[in-house]
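Visitor: Predicted model and sequence follow; I will ask about them next.
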Amino acid sequence: MQPPYFPWLEMEGGYLYKDVLPFVLMVALECANVGVNTVFKAASDKGMSYYVFVVYSYSIAAFVLFPSNFLCRRPLLPPLTSTIIAKLFLLSLIGAACLLSGYIGIDYGSPTLASAMSNLVPAFTFILAILFRMEKLVWRSSSSQVKIIGTMVSIAGALVIIFYKGPSILMSAAKSSAASINFLHSSNSKWIFGGLLLGGDYILTPVWYIVQAQIIKEYPAELVVVFYYSCFAAIITGAISSVTEPDRAAWILKPDISLAAILYSGLLDLCLSNTIHTYILRRKGPFYIAMFKPLSIAIAAGMGVIFLGDTLYLGSIIGSVVISLGFYAVMWGKATEEIYAGFRSEDLESSSQKDPLLATSKPESLSSS
């Protein structure tokens, strides 16, 4: 008697491999990303330099991924040309700028602010695609109108979070007495500066995604790509940090929260998370990855209040809701266009199969028009 057959358990091409595994990995990825932001904030509050943090994190990731150059099946991969290496260096330059501005923004703001601002990525991607003529804007199309409205709503939500704190909703007892004194002074100005830095981070993030996707198409080896990215980024941030952080004492690590944050970031975030992110990007595409971004807001708010004693403000809640609405509007418009494009390609294929002459006459009619 043969055992029962479950197609969804087939690893290659089955339901478990195609749908369940990417879903579980993306939820774990968002938790890990918020976790490293929370641990970094705790370490920076203890005096750790964000420049030192970024350099050591990239160095650890590069060191761990170094064996990937020998473990990957080189005969099956295309040659690592100078063009690909140049693109990897560009990817590292953009990624280093993102990471530095992002962690400085978290240091001045909070992990919750970073998670809320990260939902601006689809809106900024849409704007950049129009500016660089990667996407045509059809004003009469309902999907284009929804994406425009969603982009405006997302940016409005970000402005609410940055410039309006509002009354506190959740606050630790230690901070309750100091909050009323510093609310309109240094605390608010630091929050705005942090929000602006995070905005710059998430403007560069879509560019990083585009370059990364292009590299993966030319060189489909996630571990090798992440290794070279981490290696080049460590060199770039090391050169910058040698000027911006001349204090030698800041580079000496001690067995405390700072070391834990660096190990967490280097091993789990930059090494493992980037590899998983690159894997899912190739399997599912950027749209699937972006869908999970609003989940990070709730995770960050909970971790911030529980582990950091952060204050949750009304402005953060209102702005996060507004950004999420704009986020899903942009994603809905993008999904509608992809579905419509899929239907059109299916119709063309079916019509060409029914009439073989249509397959040969179609290009001629297009070229003549």
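Guide: The structure has been received and is ready for your questions.
Visitor: Walking through the stretch 101-250 of the chain, point out its helices one by one.
Guide: Applying DSSP state H, counting those that start in this stretch to the stretch 101-250 of the chain gives helices spanning 111-117, 121-131, 142-163, 173-182, 186-218, 222-244.
Visitor: Please name whichever of those helices is nearest to residue 101.
Guide: Closest to residue 101 of those is helix 186-218 (CB to CB; 4.5 Å). (C-beta placed from N, C-alpha, C; glycine too.)
Visitor: got the contact list for stretch 30-46?
Guide: 50, 53, 103, 106-107, 110-111, 114-115, 256-258, 260-261, 264-265, 268-269, 272-273, 292-293, 295-296, 299-300, 303-304, 307-308 (CB atoms under 8 Å, 6 or more residues apart in numbering).
Visitor: Select only the buried ones of those in PyMOL?
Guide: Remark: buried members of the contacts of stretch 30-46, expressed as a PyMOL selection using 16 or more other CB atoms under 10 Å:
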select buried, resi 50+53+103+106+107+110+111+114+115+257+258+261+264+265+268+269+272+273+292+293+295+296+299+300+303+304+308
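Visitor: for the stretch 251-369 of the chain, what are the low-confidence residue spans?
Guide: Applying pLDDT under 70 to the stretch 251-369 of the chain picks out residues 286-287, 341-369.
Visitor: Helices of that one, start to end?
Guide: Using DSSP H, counting those that start in this stretch, the helices found in the stretch 251-369 of the chain span residues 257-263, 274-284, 286-290, 295-303, 314-354, 356-368.
Visitor: Counting by contacts, list what the second one packs against.
Guide: With contacts defined as 3 or more CB pairs under 8 Å, 6 or more residues apart in numbering; DSSP states H and E, the secondary structure elements packing on helix 274-284 are helix 21-45, helix 186-218, helix 222-244, helix 286-290.
Visitor: quick one: it to helix 186-218, angle?
Guide: Going by axes from the mean of the first three to the mean of the last three CA atoms, to 10 degrees, helix 274-284 is angled at 60 degrees with respect to helix 186-218.
Visitor: any idea of the angle helix 274-284 forms with helix 21-45?
Guide: Going by the same axes, to 10 degrees, helix 274-284 makes 150 degrees with helix 21-45.
Visitor: which residue packs closest to residue 312, ignoring adjacent ones?
Guide: residue 170 (4.1 Å; CB to CB, 6 or more residues apart in numbering).
Visitor: Over to residue 151?
Guide: Residue 151 sits nearest to residue 123 (CB to CB, 6+ apart), 4.1 Å away.
Visitor: for residue 65, same thing?
Guide: With CB to CB, 6+ apart as the criterion, residue 65 has its nearest non-adjacent residue at 3.8 Å, and that residue is residue 227.
Visitor: what's the burial count for residue 238?
Guide: For residue 238, the neighbour count with other CB atoms under 10 Å is 16.
Visitor: what sits against it?
Guide: Residue 238 neighbours (CB under 8 Å, 6+ apart): 55, 59.
Visitor: again, 6 Å this time
Guide: By CB atoms under 6 Å, 6 or more residues apart in numbering, the residues touching residue 238 are residue 55.
Visitor: What confidence value was assigned to it?
Guide: The model reports residue 238 with a pLDDT of 94.
Visitor: do the one 4 residues further on as well
Guide: At residue 242 the predicted local confidence, pLDDT, stands at 90.
Visitor: Same question for the one 4 residues further on.
Guide: Residue 246 is assigned 86 on the pLDDT scale.
Visitor: any idea how far residue 140 is from it?
Guide: Separation of residue 246 from residue 140 (CB to CB, to the nearest Å) stands at 58 Å.
Visitor: higher neighbour count, the two?
Guide: Each of residue 246 and residue 140 has its neighbours counted (other CB under 10 Å); residue 246 has more, 9 against 6.
Visitor: Residue 51 versus the more buried one, what's the distance?
Guide: Applying CB to CB to residue 246 and residue 51 gives a distance of 10 Å.
Visitor: How about residue 290?
Guide: Distance from residue 290 to residue 51, by CB to CB: 29 Å.
Visitor: can you check residue 61 too?
Guide: For residue 61, the distance to residue 51 - CB to CB - is 16 Å.
Visitor: for residue 20, same thing?
Guide: 40 Å.
Visitor: and these two? which has more neighbours close in?
Guide: Using other CB under 10 Å as the criterion, residue 20 and residue 51 rank with residue 51 on top: 21 against 13.
Visitor: How about the residue most central in space within the chain, nearest residue that isn't a chain neighbour?
Guide: For the chain, residue 205 is the residue whose C-alpha lies nearest the centre (CA atoms, centre = their mean; 6.5 Å). Of all residues beyond its chain neighbours, the one nearest residue 205 is residue 121 (5.3 Å), with distances taken as CB to CB, 6+ apart.
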